[in-house]
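Peer 1: give me the fold of what follows.
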Amino acid sequence: GVAQLIVPDNPRALVSQANRYEPQLTDTVRDFARHYGCSVLPARAYHPQDKAKVELSVQLVERWILARLRKYQFADVAQVNDAMTPLLEYLNQRPFQKLPGCRASVFAQIDAPALMALPVQPWEWASFKTARVHIDSHVEFEGHRYSVPNALVGQALELRITASALEVLHRGQRVASHMRCAHRGGYTTVAEHLPQAHQALAQWTPERFIHLCERVGVACAGTVRTLLERGRYPAPAVRVCLGLLSVCKRYG
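Peer 2: Have a look, this model is predicted:
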């Protein structure tokens, strides 16, 4: 489940600027809180009483778990977790001295019903970067260019980058999403992001040229294939193909 409020310490990994009344969280922490629909309020520096329950839990773990494992040697973290699991279950099931029940029963009765539901997808770690939209309706990240709506040309947008995807945010709202590509100098373009004139030009693919020329004749289609395969940059060949099709309209 999801707690409504998380009270961490003030490490630089979580808090970019510590403040008694309004601490500034990092972009990653804000993204985490936004994904789970919770709030994050760091404790005051040098005030452990702001999270007294956490400090008490640390003391209990040190006494009932770490103290029992202090003489053991482990090869990796998996072995540590395997050794801690039964001790943690014993600690949670251990009856209170002056109250009825145990920690596990109190959690099931009080805390668990108050938790909010988890989202469908788990949160994925992401980094953030600011990029300005070029005149060609693309933003650049690691040498690759990703398209955004043409209306945002010239504006500075926020990029949310995960291991597999890149999202473009404008005033906190997602305006574009692409799969990450490691091809430096390449383009990932969505036709709807381009101006109307560019969208019409993008519809003229090599396959469409060849299909239209096959209606004229085999020699015409062969000529178009040769033109498209000859040059590395397709714009000159596209212009010649358009001229050839205009001639076909007049002479058949």
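Peer 1: alpha carbons only for contacts and neighbour counts from here, please
Peer 2: OK.
Peer 1: tell me the pLDDT of the spatially most central residue of the chain.
Peer 2: What sits nearest the mean C-alpha location of the chain, by CA atoms, centre = their mean, is T162, with 3.8 Å. Here the pLDDT value assigned to T162 is 91.
Peer 1: now do I135
Peer 2: At I135, the pLDDT recorded in the model is 82.
Peer 1: relative to the whole chain's centre, how far out is the helix or strand hosting F128?
Peer 2: Following DSSP states H and E, one finds F128 within strand 127-132. From the chain centre to the centre of strand 127-132 is a distance of 12 Å (CA atoms, centre = their mean, to the nearest Å).
Peer 1: what pairs with that strand, and is each one parallel or antiparallel?
Peer 2: Strand 127-132 sits in its sheet next to strand 156-161 (antiparallel), going by DSSP bridges.
Peer 1: ok and the very next helix or strand once past the partner strand relative to strand 127-132, angle-wise?
Peer 2: Counting by DSSP H and E, the next helix or strand C-terminal to strand 156-161 is strand 165-170. For strand 165-170 against strand 127-132, the angle by axes from the mean of the first three to the mean of the last three CA atoms, to 10 degrees is 50 degrees.
Peer 1: following the chain past strand 165-170, name the next helix or strand.
Peer 2: Counting by DSSP H and E, what follows strand 165-170 is strand 173-179.
Peer 1: so what's the gap between that next one and the chain middle?
Peer 2: That offset, for strand 173-179, works out to 10 Å (CA atoms, centre = their mean).
Peer 1: then that strand to CSV, C-alphas only?
Peer 2: Extracted in CSV, the C-alpha atoms of strand 173-179 (Å, rounded to 0.1, in the frame of the first residue of the first chain):
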residue,chain,number,x,y,z
GLN,A,173,1.8,17.8,-18.5
ARG,A,174,3.1,15.1,-20.9
VAL,A,175,3.1,16.3,-24.5
ALA,A,176,5.2,13.5,-26.1
SER,A,177,6.5,10.1,-25.3
HIS,A,178,9.1,8.1,-27.3
MET,A,179,11.1,4.9,-26.9
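Peer 1: ok, back up a step: which residues touch the strand holding F128?
Peer 2: With CA atoms under 8 Å, 6 or more residues apart in numbering as the test, strand 127-132 has contacts from 27-28, 139-140, 153-162.
Peer 1: which among these gets closest to N92?
Peer 2: T28 (31.7 Å; CA to CA).
Peer 1: look at that closest one and report its pLDDT.
Peer 2: 89.
Peer 1: does it really touch W125, like I thought?
Peer 2: Yes - counting by CA atoms under 8 Å, W125 is a contact partner of T28 at 7.4 Å.
Peer 1: okay, those two: which has more neighbours?
Peer 2: Taking other CA atoms under 10 Å, T28 and W125 do not tie; T28 has more neighbours (18 against 13).
Peer 1: neighbours around R171, how many?
Peer 2: Count around R171 with other CA under 10 Å applied: 8.
Peer 1: distance of it relative to Y36?
Peer 2: Going from R171 to Y36 by CA to CA, to the nearest Å gives 19 Å.
Peer 1: hmm, back to that, show residues contacting the helix or strand that comes right after the strand holding F128.
Peer 2: Downstream of strand 127-132, the first helix or strand assigned by DSSP H and E is strand 138-141. Strand 138-141 is contacted by residues 131-133, 145-148, 189 when judged by CA under 8 Å, 6+ apart.
Peer 1: so what strands line up beside strand 138-141?
Peer 2: strand 144-147 (antiparallel).
Peer 1: count of residues packed around D31?
Peer 2: So D31, with other CA under 10 Å, has 19 neighbours.
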